[in-house]
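S.K.: prediction below, plus the sequence it came from.
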Amino acid sequence: MIKYNLICKNCSLNFDSWFSTSNEYEKLKKKNFLECLNCNSNKVEKSLMAPKMINKKMRESSKDETKKYKEFKNKINDYQKFIKNNFEYVGKNFAYEARSIHYNEKKRNKAIYGTPTKTEINELKEEGIKTTLVPWFQDTKN
Ligand SMILES: [Zn+2]
C-alpha cells in the first residue's frame, strides 16, 4: 500500500488516498477514476508537498479529526436528548407503531423513535412510510 497526498485543482482540497501500487494511481488517474472528496472533480493530482510538511499536516489533521469527532458526538448527544424529550420510545415495536400512525389507527401526540431492523425499515419504505435514520451512540452511563 502506498499513500499519496492529493490535491484538487478545482476546489484546492488536500487529502490523502491509499493505492495498492504507484501504478494504480497512474491507472486510476488515466481513467479519470480519481475524484475529489469534496467537489467530485476529476482534476485531482498528486500533491508536490515535501514529505516533512505532509507528516506535520497529517499529525495536525488527525488532531483535527479527534476534535471534529468530539464535536460531532456532542451534537449527536444533543440530538439524542432532543429526541428523548420530544419523541416516544417504542423500541422494537417501531414498525408496528409507525404503521399505526401511518394508517391513522392510532392518534399520538408525540412522534416515535425506536430500533427497527433493516428489513422493517425497507418494508415501511415500500409502504410509503418515511423513516429517518439518525446516528445513535449507545448510552453507556446507565
Ligand atoms: Zn475538489
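M.R.: Great, that's in hand. Numbering: from 1, shown residues only.
S.K.: what's near enough to touch I112?
M.R.: Applying Cβ atoms under 8 Å, 6 or more residues apart in numbering, we find I112 in contact with F87, E88, Y89, V90, F94, E97, A98, I101. (C-beta placed from N, C-alpha, C; glycine too.)
S.K.: out of those residues, which sit inside strands?
M.R.: F87, E88, Y89, V90 (DSSP state E).
S.K.: narrow these to those that are buried.
M.R.: V90 (16 or more other Cβ atoms under 10 Å).
S.K.: can you lay out the ones in strands among the contacts of I112 as a markdown table showing distance to the ion and pLDDT?
M.R.: Below are the ones in strands among the contacts of I112 laid out as a markdown table (distance: Cβ to the ion, whole Å; pLDDT from 0 to 100):
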| residue | distance to the ion | pLDDT |
| --- | --- | --- |
| F87 | 38 | 87 |
| E88 | 43 | 88 |
| Y89 | 41 | 88 |
| V90 | 43 | 89 |
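S.K.: circling back to that earlier point, state the pair within the contacts of I112 that is farthest apart.
M.R.: Longest distance between any two of the contacts of I112 is 14.4 Å, between Y89 and I101; criterion Cβ to Cβ.
S.K.: against which helices or strands is the helix or strand of the chain with the lowest mean pLDDT packed?
M.R.: Ranking every helix and strand in the chain by mean pLDDT, DSSP states H and E puts helix 51-86 at the bottom, with a mean of 76. Applying 3 or more Cβ pairs under 8 Å, 6 or more residues apart in numbering; DSSP states H and E, we find helix 51-86 packed against no helix or strand.
S.K.: quick one: that helix to strand 87-91, angle?
M.R.: Per axes from the mean of the first three to the mean of the last three Cα atoms, to 10 degrees, the angle that helix 51-86 makes with strand 87-91 is 100 degrees.
S.K.: chain center to helix 51-86, what's the gap?
M.R.: Between the centre of helix 51-86 and the centre of its chain there are 12 Å (Cα atoms, centre = their mean, to the nearest Å).
S.K.: for stretch 109-126, same thing?
M.R.: Distance, stretch centre to chain centre, for stretch 109-126: 20 Å (Cα atoms, centre = their mean).
S.K.: now do it: distance from first to last residue.
M.R.: With Cα to Cα, to the nearest Å as the measure, the first residue of stretch 109-126 is 25 Å from its last.
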